[in-house]
Each structure stands twice: as structure tokens, then as C-alpha cells.
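Colleague: After the sequence you'll find the predicted model.
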Amino acid sequence: MTGRATDFSEEIDRKTSRSICDAVGERLQRSLPPDSHLPCQLQRLIDELGRRDDALFRVE
């Protein structure tokens, strides 16, 4: 296959990436009940994503 759907060689810039991440996060927050408790493993993964996100998008 050589279509665009399978071509991952194109990269997006940081601003676009950040916008996508923010939009996904906002949508997840809206879809989860405010008092829901996540399983421990899922919470650990989310915390790790947050740490990596902070390191990746740190403004210096």
C-alpha cells in the first residue's frame, strides 16, 4: 500500500501536536463522570504520559 493513510513519514509541528493532545484530553474529561476512579494501572499510565508531555513541551 502506498496511500496517504499508511504514510507515516510526514511529521506535525509542536503546536499542532499540542492542540491535538489538548483536544483529546478535553474530550476524555467530558466523557468521564467527574467522580469516576480509574484503575491503578491506568492512572499510572496517565501520570507517565503527563510527565513525558511536560518534558516534551517544556518551554525554555
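Modeller: Arrived safely. Bear in mind the structure is a predicted one, so any value in this text is a computation, not a measurement.
Colleague: roughly how far apart are Asp13 and Leu28?
Modeller: 23 Å (C-beta to C-beta, to the nearest Å). In short, each C-beta sits where N, CA and C put it, glycine included.
Colleague: which residues in this structure form helices?
Modeller: 14-31, 40-56 (DSSP state H).
Colleague: now these in CSV, with mean neighbour count?
Modeller: Shown next, in CSV, are the helices of the chain (neighbours: other C-beta atoms under 10 Å):
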stretch, mean neighbour count
helix 14-31, 11
helix 40-56, 10
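Colleague: Poorly predicted segments of this structure, please.
Modeller: Across the chain, the ranges flagged by pLDDT under 70 are 1-9, 59-60.
Colleague: Nearest the middle, which residue of it would you pick?
Modeller: The centroid of the chain falls nearest to Cys21 when counting by C-alpha atoms, centre = their mean (4.1 Å).
Colleague: Nearest spatial neighbour of it, chain-adjacent residues omitted?
Modeller: Excluding the flanking residues, the one nearest Cys21 by C-beta to C-beta, 6 or more residues apart in numbering is Asp53, at 6.7 Å.
Colleague: from what I can see that neighbour touches Asp22, true?
Modeller: No. Judged on C-beta atoms under 8 Å, Asp53 makes no contact with Asp22 at a distance of 10.1 Å.
Colleague: one step back: gap between the residue nearest to the centre of the chain and Cys40?
Modeller: Applying C-beta to C-beta to Cys21 and Cys40 gives a distance of 23 Å.
Colleague: sorry, back to before: tell me if I'm right that the residue nearest to the centre of the chain and Asp54 touch.
Modeller: No. Cys21 is beyond contact range of Asp54, at 11.6 Å (criterion: C-beta under 8 Å).
Colleague: And for stretch 53-60, what's in contact with it?
Modeller: Arg14, Arg18, Cys21 (C-beta atoms under 8 Å, 6 or more residues apart in numbering).
Colleague: want to throw those residues into a markdown table with distance to Pro33?
Modeller: Converted to a markdown table, the contacts of stretch 53-60 look like this (distance: C-beta to C-beta, whole Å):
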| residue | distance to Pro33 |
| --- | --- |
| Arg14 | 32 |
| Arg18 | 27 |
| Cys21 | 22 |
